[in-house]
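[1] quick one, structure for this:
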Amino acid sequence: MNDALKTYIKQYIELESGMQELVLKKCSSLCAQCTSVCCDIVMCVEAIKSPFLKLVHQQADQFDEQNGFLSATGCSLKQGRPSVCYEYFCDNQFYFQPDDLHAEILQTLGALLHHATKDAKSDLPLEDIMQEEDLDLLDFQQLESQMAESLQALDIIRTFYRDGTLTEDARNALKLIQIPEEFDTPAEASAQR
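    Okay, the predicted model is just below:
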């Protein structure tokens, strides 16, 4: 593994940890009341198929054929979860946001990993590159730039959740974060209240 990849993995872990912290704060009370399980073994399989995610989580040996990484207390992966685990929020999560801005911020928060890893090789995100040897051959300049944008957005979102304010510069920085098409539906649920 080359130095650029090692550095990128450290930044990825920093980003994912920050996202987990904020998502838990914003979503855990509603999730705790829900009887549905959003996680599915199909998502867990992504974490063991992806050479990049395996380098991040280093827990492939803990994968269970029946349950994946899902335990009685939730996901056992502390890092290296597929980006879909952060991108997907149920309608109730959007509906119970205080307003449309909070719903948009939550959606942006969920897209930070996707943004940081998109177009790693042509139009493939980093987690979809299936040959480990290809990871060392990537041009990390673009990925590092996208990671910097995602880390900046994470700091902005932290500040927003703490202070409730969003400057014009902060709004512009958040607009750089690209939300995956399958999750790019404005938080209509909160608007329908």
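
[2] now the longest helix anywhere in the chain: average pLDDT?
    If you go by DSSP state H, the chain has its longest helix at helix 3-33. Helix 3-33 shows a mean pLDDT of 90 in the predicted model.

[3] stretch 163-179 now?
    On average, the pLDDT along stretch 163-179 is 94.

[4] ok, stretch 142-156 next?
    For stretch 142-156, the mean pLDDT works out to 97.

[5] end-to-end on stretch 37-55?
    Start-to-end span of stretch 37-55 (CA to CA, to the nearest Å) is 27 Å.

[6] please disregard the earlier target; I meant stretch 59-78.
    By CA to CA, the extent of stretch 59-78 from end to end equals 10 Å.

[7] distance between it and the chain's centre?
    In terms of CA atoms, centre = their mean, to the nearest Å, the centre of stretch 59-78 is found 18 Å from the chain centre.

[8] may I see the buried residues of that stretch?
    Buried residues in stretch 59-78, counted by 16 or more other CB atoms under 10 Å: 59, 63, 68-70, 75-77. To be clear about C-beta, it is placed using only N, CA and C from the backbone, and glycine gets the same treatment.

[9] how far away is A173 from A148?
    Distance, A173 to A148, using CB to CB, to the nearest Å: 11 Å.

[10] try T159
    Going from T159 to A148 by CB to CB gives 17 Å.

[11] circling back to that earlier point, show me which of the buried residues of stretch 59-78 is closest to N92.
    Using CB to CB, C75 comes nearest to N92 of the buried residues of stretch 59-78, at 19.4 Å.

[12] which residues touch the closest one?
    C75 makes contact with 39, 69, 81, 85, according to CB atoms under 8 Å, 6 or more residues apart in numbering.

[13] picking up where we left off before, ok, A173 and A148, which is more surrounded?
    Neighbour count, other CB atoms under 10 Å: between A173 and A148, A173 has more, with 16 against 12.

[14] so the more buried one sits in a strand?
    No: membership of A173 in a strand is not supported by DSSP: H, G, I helix; E, B strand; the rest coil, which gives helix.

[15] next up, the contacts around it.
    When contacts are counted by CB under 8 Å, 6+ apart, A173 is found next to 149, 152-153, 156.
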